[in-house]
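Q: Attaching a predicted model along with its sequence, questions to come.
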Amino acid sequence: MKTIWITGANGQLGSEIRELSTSQTAHNFIFTDVNELDITDYNAVASFVIKREIDALINCAAHTAVDSAETETEKADAVNHLAVGHLARIVKENDLAFIHISTDYVFDGRASEPYKETDAPNPKSVYGRTKLDGENAILKLNPARTLIIRTSWMYSSYGSNFVKTMLRLGSEMEEIMVVDDQVGSPTYARDLAKAVLAMLPNLNAPNTEIYHYANTGKCTWCEFAEAIFDIAKIKVRTNPIPTTEYPTPARRPTYSVLSTEKIIRDFGIEIPEWKEALKKCLNRKKLKPTQ
């Protein structure tokens, strides 16, 4: 029985992995969040790995508050970059399997076709830059049996996210304005969690590899909102607006569709279409609007 450690356990992806892990009797899962273990503390993490005899690590921890990261630069860098470097070093020293979750924000959004893993990153926000720095910290050490998985537009029945915000707004308002000139692929965290758990036993590569995972298909934020209201049977009028009418501290990629050809080819992963994934999420009894 292998011991698998999941950081960021109270986030969207960590919570989905925790729920799915109850049926994974072949492994011992350990879940921590910042309250249990601060991953920016190298000595604490190194001691934890040895004491708990960790075999594999799934790093779901991140500073994901995209807009606040613009002013909380040191905090974002500590979690998204420096801590990831600590983890990569400990992974290499102890020969662990390692999956690290990254983001579409490492790209600038100027593409017109799905981003491949080989496309050059060019982040336009502090969040994107610090996440890319975290990726590079791993790649510099190049531990074996390590995957960096970039994902996009993640939502879940846990935590705060776009889906739950739309459910709340839809119940409170007759019409809402939603950005309609940013294109991406919504990703149901539960689908990504299933993929991560399926991939973990098959990490055999001698070098670090980058993969992309998102539900198939693409939409704008406005189209995403309309699908949420349609499936949830909420009557609300959506008014599409350009990004210029909804300014935010952090720049969002205009186009962040990710190519998933590599992960499908190498691991045989079946990826659901985004609207079907959304239906599954909205049908889960735990899904409640964000307050």
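A: Happy to help now that I have it.

Q: hmm, who's touching stretch 128-146?
A: Here stretch 128-146 makes contact (CB atoms under 8 Å, 6 or more residues apart in numbering) with 62-63, 69, 73, 76-77, 79-85, 88-89, 91-92, 95-100, 102-103, 105-107, 121, 123, 148, 203-210, 253. Backbone N, C-alpha and C define where each C-beta goes, glycine included.

Q: So which of the residues you listed are in helices?
A: Residues of the contacts of stretch 128-146 located in helices (DSSP state H): 73, 76-77, 83-85, 88-89, 91-92.

Q: Generate TSV for these, with neighbour count, distance to residue 144 and pLDDT as supplementary columns.
A: Below are those laid out as TSV (neighbours: other CB atoms under 10 Å; distance: CB to CB, whole Å; pLDDT from 0 to 100):
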residue	neighbour count	distance to residue 144	pLDDT
73	14	32	97
76	25	28	97
77	19	26	98
83	24	21	98
84	27	17	98
85	17	17	98
88	27	11	98
89	18	14	98
91	25	9	98
92	17	8	97
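
Q: Quick one: those as CSV, columns for distance to residue 34 too.
A: Below are these laid out as CSV (distance: CB to CB, whole Å):
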residue, distance to residue 34
73, 18
76, 14
77, 16
83, 10
84, 14
85, 17
88, 19
89, 20
91, 19
92, 23
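
Q: show me the contacts for residue 121.
A: 106-107, 132, 135.

Q: can you check residue 123 too?
A: Counted by CB under 8 Å, 6+ apart, residue 123 has contacts 105-108, 129, 131-132.

Q: Over to residue 58?
A: Neighbouring residues of residue 58 by CB under 8 Å, 6+ apart: 4-7, 17, 98-99, 101, 196, 200.

Q: Specify the local secondary structure of it.
A: strand (DSSP: H, G, I helix; E, B strand; the rest coil).

Q: Identify the residues contacting residue 30.
A: 3-6, 52, 54.

Q: mind redoing it with 6 Å?
A: residue 5 (CB atoms under 6 Å, 6 or more residues apart in numbering).

Q: wait, is it part of a strand?
A: Yes. Counting by three-state DSSP, residue 30 is part of a strand.

Q: let's have the chain start at 41 instead
A: From this message on, residue numbering opens at 41, which makes the last subject residue 70.

Q: ok, now how distant is it from residue 219?
A: Note on residue 70: its distance to residue 219, by CB to CB, to the nearest Å, is 39 Å.

Q: Kindly report the same for residue 139.
A: 31 Å.

Q: same thing with residue 140?
A: 29 Å.

Q: correct me, but residue 219 touches residue 286?
A: Yes. Between residue 219 and residue 286 there is a contact under CB atoms under 6 Å: 5.4 Å.

Q: Which pLDDT value goes with the residue nearest to residue 61 when sequence neighbours are not counted?
A: Using CB to CB, 6 or more residues apart in numbering and skipping the chain neighbours, the partner closest in space to residue 61 is residue 69 (4.4 Å). Model confidence at residue 69, given as pLDDT, is 96.
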